[in-house]
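[1] The following comprises the amino acid sequence and a computationally predicted model.
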Amino acid sequence: SQQGEEDPQALSIQEGENATMNCSYKTSINNLQWYRQNSGRGLVHLILIRSNEREKHSGRLRVTLDTSKKSSSLLITASRAADTASYFCATRNTGGFKTIFGAGTRLFVKA
Amino acid sequence: GAVVSQHPSWVICKSGTSVKIECRSLDFQATTMFWYRQFPKQSLMLMATSNEGSKATYEQGVEKDKFLINHASLTLSTLTVTSAHPEDSSFYICSARDRQYEAFFGQGTRLTVV
């Protein structure tokens, strides 16, 4: 069953603005990953953050992890129309090996 | 990074027929593979965990007789959708776990049952 919840479900912004998506999960995790999916396509791995990390950067992406609140956020800075996609967080539980996905956020970046 | 190849990328079949989807880990051995299903505008739902040389473990609500999983080697798992119906039309994605327990995803298979 899905573990994570994400908000917002959909987000529409103008090009150049920042986009923030949040993810919450229910159990202790080994790591949390963020993926992007263009409509009808496969997953693109964006970034992995381990349970002992609090923040991670990759290009225009910034991910935070708060294990006390069981939540993570993905920030995309200076968004581009090409960033339009669905974004999913995914977690692997401590001691487990399944990867469970959140509900996802659909991001629309208007040119 | 590790590569997981999924085939076919899309398939159209008639109601009542069976369809087989392959998932291969190309450059690593995967003792465990996972199968997900994604309906339009929804998230990926884990269907089953496939273990090499043993029976698959299905998530609650997934019919094991309808979705047959075979993991006969360390680099190949197959999902067969038996007696497919239009409601089985979906995007199916596999992932393979390497020895560091990280999962790598295939590119997905879009199944349309007509």
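    That came in fine, so what should we check first?

[2] Quick check: A:I13 vs chain B, distance?
    19 Å (C-beta to the nearest C-beta, to the nearest Å). Yep, even glycine has a C-beta here, placed from its N, CA and C like the rest.

[3] That residue bridge partners, please.
    A:V109 (DSSP bridges).

[4] can you count the residues close to it?
    Look at A:I13: counted by other C-beta atoms under 10 Å in any protein chain shown, it has 17 neighbours.

[5] from what I can see it touches A:R106, true?
    No - with contact defined as C-beta atoms under 8 Å, A:I13 does not reach A:R106; the gap is 11.8 Å.

[6] Sketch out the low-pLDDT regions of chain B for me.
    Applying pLDDT under 70 to chain B flags residues B:1.

[7] Please name the residues that touch the residue nearest the centre of chain B.
    By C-alpha atoms, centre = their mean, chain B has its centre lying nearest to B:W35, at 3.8 Å. Neighbouring residues of B:W35 by C-beta atoms under 8 Å, 6 or more residues apart in numbering or on different chains: B:C23, B:L46, B:M47, B:A48, B:S50, B:F67, B:I69, B:S77, B:L79, B:Y92, B:I93, B:C94.

[8] Please repeat the previous calculation with a cut-off of 6 Å.
    B:M47, B:A48, B:L79, B:C94 (C-beta atoms under 6 Å, 6 or more residues apart in numbering or on different chains).

[9] Residue numbers of chain A in contact with chain B?
    A:G42, A:L43, A:F97, A:T99, A:F101, A:A103, A:G104 (C-beta under 6 Å from any C-beta of the partner chain).

[10] which residues does the residue nearest to the centre of chain B form a beta bridge with?
    B:A48, B:C94.

[11] Let's have the residues of chain A next to chain B in TSV, adding pLDDT.
    Converted to TSV, these look like this (pLDDT from 0 to 100):
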residue	pLDDT
A:G42	89
A:L43	92
A:F97	78
A:T99	88
A:F101	93
A:A103	92
A:G104	93
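
[12] With secondary structure and neighbour count as new columns, can those residues be given to me in CSV?
    Below are the residues of chain A next to chain B laid out as CSV (DSSP: H, G, I helix; E, B strand; the rest coil; neighbours: other C-beta atoms under 10 Å in any protein chain shown):
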residue, secondary structure, neighbour count
A:G42, coil, 17
A:L43, strand, 24
A:F97, coil, 15
A:T99, strand, 23
A:F101, strand, 24
A:A103, coil, 16
A:G104, coil, 25
